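# Structure for the following, please:
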Amino acid sequence: SIGTQLIEMGVKAVVVTGWAVNDQAALAFADKFYEQMLNGGTFGMSTKRARKHVYDQYDNKTWAAYQCYGNPWYKLLKKNSRNTGEIAFNTIEEVSVALNNLRQKVTKKGEGETIYNRTNEILDYINKKWPDEAKLLESVAQIYFEMDNNEEGINLLDKVFSMPIANYKVNTIEQYVYAKLKGITKHLPNESLSPADQKEEAKKSKKKNDDTIADVRKKIGNLLCISETGDRYSIDGLICMREAMITEGIKLDKNLLKMKQTFESAFIKLQYLGAERAVFPLMMFSIANYNEGSKKQMNMDYLDTSYPISDLFDKLKEQILAAPSDHNNFWNDIALNNINTSKLILANVSETQNTATLQNEIIECYRKEFERSGNSKHLRAEIDQYEFLTSFLNHLRSKNPSKGTMDSLNKKSKAVSQIYNELLKLKNLK
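Reported below is the predicted structural model:
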């Protein structure tokens, strides 16, 4: 019923009629009901007294038409001139709605600190009143992830996952893996330490990375056993990307090969869900594929044909431009940017004169889309992507290419560096 649906959405109390009512009797019910509620009565008692009032005054069945949903002990809060801002929730559903509203506000510029503080206040309230309510802890973790506070989100979900009985969404595990893989970072030696201490620090860093990789691979592997979705293959590909960023030489080549294979699987799955969804895995596949100098073609199954990769990007671009745009979805909005990034990296020696143009188009797109729908999580993802591209181009330059190829790689590296610095500026603005 509509009453039940409203309660599930977080409405505190609902009164609906089961059939058509007499207008005068309905007015009498409303007067008595709100008189009671505004004088501090509970929802249940106010309804009971309003029903009795109509029953005593009118010779019809209007009194019985009113069906009530919600907490019978709910009361209206009296507002005074000084708003204390104290947290007060009567039901789990109320908290869930409040957290969902906060999550929707994460993209608003300048509200990050306010949202973070409010989220922490609600979490404190949850820990006091519903400490084992996995659904609420899951919602708080999602807000932390949107704000790029990954460690706090991970810690909350670790608590949820350790509960003997806990209900949570499967895609929450995907979010957990996506957040945790960002902890896979390359160790940078601390020159102020002694050689022995530097060696010990490097050992600890390697163990931390190895443990993180093992954990996220296990979790995403389990999810792929349940269902092989494109998003899960993409996350698996991002794990390969992080591994590539912390390795060198032959190990890096091996990780790029795994990355290529995984993003190919992601593309094959996501191509059916729209061009915007298919661009990112195709971009990551083609970049890893470029490491081998391959000119491999890629099947676009739903078009029942096959194209060289460069032509396939053009086909996807045509579809994106022809489709209506959802400007509330950041990832869809930057699909064209991913195509331009691919063109920048994959350009041959004769095409690198367009590098500056592509660079400017990419920067302008980022400025516009982050202003419209981007948040800290989105920025972090794009910064990570360009850190990977930097290390990837450095890897290609380390292979002692010809002078023409080296000049081309230098131009690409310069453009990638400019875009990366622009993303850092945007992060500071957020």
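
# can you list the weak-confidence ranges in the stretch 251-400 of the chain?
By pLDDT under 70, the low-scoring segments of the stretch 251-400 of the chain are 292-307, 325-328, 352.

# the helices in it, which residues?
For the stretch 251-400 of the chain, the helices defined by DSSP state H, counting those that start in this stretch occupy 275-290, 309-322, 330-333, 335-346, 355-373, 376-397.

# Point out the most buried one among the ones you listed.
helix 275-290 (a mean of 24; mean count of other Cβ atoms under 10 Å). All C-beta atoms are positioned from the backbone trio N, CA, C, and that covers glycine.

# quick one, strands of this structure?
13-17, 66-70, 297-300, 305-308 (DSSP state E).

# Buried residues of the second one, list them for me.
Of the residues in strand 66-70, 66, 68-70 count as buried by neighbour count, 16 or more other Cβ atoms under 10 Å.

# Among those, which one sits closest to N394?
Set against N394, the nearest of these by Cβ to Cβ is G70 (60.9 Å).

# Quick one: residues contacting the closest one.
Applying Cβ atoms under 8 Å, 6 or more residues apart in numbering to G70 gives the contacts 7, 11-14, 43.

# Setting aside sequence neighbours, what's the nearest residue to it?
What sits nearest to G70 in space, not counting adjacent residues and going by Cβ to Cβ, 6 or more residues apart in numbering, is A13, at 3.6 Å.

# between the helices of the stretch 251-400 of the chain, which gets nearest to Y55?
helix 355-373 (53.7 Å).

# for the closest one, packing partners?
In terms of contacts (3 or more Cβ pairs under 8 Å, 6 or more residues apart in numbering; DSSP states H and E), helix 355-373 is packed against helix 330-333, helix 335-346, helix 376-397, helix 403-429.

# does L136 really touch T91, like I thought?
No: with contact defined as Cβ atoms under 8 Å, L136 does not reach T91; the gap is 11.1 Å.

# the more surrounded of the two?
L136 (25 against 17; other Cβ atoms under 10 Å).

# Next one, pLDDT for that one please.
For L136, the model assigns a pLDDT of 95.

# just D158 next, same as before
Taking D158 on its own, its pLDDT is 95.

# Help me confirm that I154 comes into contact with Y178.
No: here I154 does not reach Y178: they are 10.5 Å apart, not a contact under Cβ under 8 Å.

# quick revisit: residue contacts, the residue nearest to G70?
A13 neighbours (Cβ under 8 Å, 6+ apart): 43, 68-71, 74.

# what about S192, how many residues close to it?
For S192, using other Cβ under 10 Å, the count is 7.

# how far away is it from N360?
40 Å (Cβ to Cβ, to the nearest Å).

# Next, work out how far apart the residue nearest to R397 when sequence neighbours are not counted and A214 are.
Closest residue in space to R397, ignoring its immediate chain neighbours: L409 at 5.1 Å, by Cβ to Cβ, 6+ apart. Counting by Cβ to Cβ, the separation of L409 from A214 is 34 Å.

# who's more crowded, these two?
Higher neighbour count among L409 and A214: L409, with 19 against 10, using other Cβ under 10 Å.

# residue contacts, that one?
Per Cβ under 8 Å, 6+ apart, neighbours of L409: 393, 396-397, 401.

# what does M259 give?
Here M259 is in contact with 237, 240-241, 244, 284, 288 (criterion: Cβ under 8 Å, 6+ apart).
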